[in-house]
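In: this one's structure only:
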């Protein structure tokens, strides 16, 4: 059966080609920015603050995403090190992008005199929205897909529209739309975070921790169905632990192929577990030690301004 694939190139202007991937990532960044600006208004933070952050954060995220990917795929680059700079040929990793974005945010917020945790709380729903939209860039490029499935699974079980089913046909084989699973998981996560941030019990930094828990939980289970995961050779006990934790998913899914010569443990799954444990420990320890005194709805204070502005719709503290 012939299928119609989407051209990854949106349009051309002379020698310049504009790809859907770039358009979608630009849209993702814009939506994330708008959500951060909207929430920032509750605390009297000007839009320019977030615009400047985006201008610094995007290149930081891209650079770190590339460094992260190359670090785990160095064998593919050491013969021709200059290929490291050919980012247009593909090869970035979202965990690297998150590292770059959060490092940039940390120093930028500190430079402006703000608490990192308070501003990160404001930004994470927008960040997750950017990730949700950005996954459709992977869809346009036919990348980040899962293991092989029957066409009937996509059409009759998942009831996906033709344009998604067709795009999941890679070299004549249909695949799990892993990008879609993660995009939908992120959509639900945005709703969860937006509900959480209006709860009176929420303390400063806990929305950030909730973001890490939510994203990492989804990433742990979705990553296993992918066939392009970065991996390494880990201890057998850790491999078995990951398999046991993922085993409930075998009711509906099968793990994607992972070349044993390349590795036996997906890096993203290990990081996901570490982030979940770390985020839970962060919340518990700060609560137990009394470090979590500020509430999410408290005024966000900059050490470089003379007064704080209260959120316009504060809720009573717990």
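Out: Received the coordinates, thanks. In this text the structure is predicted, and so the values were computed from the model without any measurement.

In: and for stretch 250-258, what are the contacting residues?
Out: 146, 147, 176, 224, 225, 226, 227, 229, 231, 246, 264, 266 (Cβ atoms under 8 Å, 6 or more residues apart in numbering). C-beta here means a position set from N, CA and C on the backbone, and glycine is covered the same way.

In: Kindly indicate whether the spatially most central residue of the chain is helix, strand or coil.
Out: Centroid-nearest residue in the chain, with Cα atoms, centre = their mean: residue 131, separated by 4.7 Å. Here residue 131 takes the helix state, with states given by DSSP: H, G, I helix; E, B strand; the rest coil.

In: what's near enough to touch it?
Out: By Cβ under 8 Å, 6+ apart, residue 131 lies in contact with 28, 94, 182, 186, 215.

In: Among those residues, which ones are in helices?
Out: Assigned to helices by DSSP state H, the following of those qualify: 28, 94, 182, 186, 215.

In: didn't the last one look like it was pressed against residue 128?
Out: Right, the one you point to is residue 215. Yes: look at residue 215 against residue 128 with Cβ atoms under 8 Å: they come within range, at 6.7 Å.

In: okay, and the common contacts of those two?
Out: 186, 189.

In: Helices of the stretch 51-200 of the chain, start to end?
Out: 94-111, 116-141, 151-152, 162-167, 178-196 (DSSP state H, counting those that start in this stretch).

In: Now the second one: average pLDDT?
Out: By that I understand helix 116-141. Helix 116-141 comes out with an average pLDDT of 96.

In: so which of the helices of the stretch 51-200 of the chain is the most packed in?
Out: Counting by mean count of other Cβ atoms under 10 Å, helix 116-141 has the highest mean neighbour count of those, with a mean of 23.

In: any idea what sits nearest residue 205, other than its immediate chain neighbours?
Out: residue 117 (3.7 Å; Cβ to Cβ, 6 or more residues apart in numbering).

In: same check, this time on residue 102
Out: Per Cβ to Cβ, 6+ apart, closest to residue 102 is residue 120, 7.4 Å.

In: what does the helix or strand where residue 274 lies rub up against?
Out: Here residue 274, judged by DSSP states H and E, is contained in helix 267-289. With Cβ under 8 Å, 6+ apart as the test, helix 267-289 has contacts from 72, 93, 95, 203, 205-206, 209-210, 212-213, 215-217, 219-220, 223-224, 229-232, 234, 238, 242, 245-246, 291-292.

In: Buried residues of it, list them for me.
Out: 267-273, 275-276, 279, 282-283, 286 (16 or more other Cβ atoms under 10 Å).

In: average pLDDT across it?
Out: Mean predicted confidence for helix 267-289 is 97.

In: begin at 747 from here
Out: Fine by me, first position is 747 from now on; the one you just mentioned is helix 1013-1035.

In: Report the angle between it and helix 862-887.
Out: Interaxial angle, helix 1013-1035 versus helix 862-887 (axes from the mean of the first three to the mean of the last three Cα atoms, to 10 degrees): 160 degrees.

In: can you give me the angle helix 1013-1035 makes with helix 840-857?
Out: Using the same axes, to 10 degrees: helix 1013-1035 against helix 840-857 is 40 degrees.

In: Nothing else from me, thank you.
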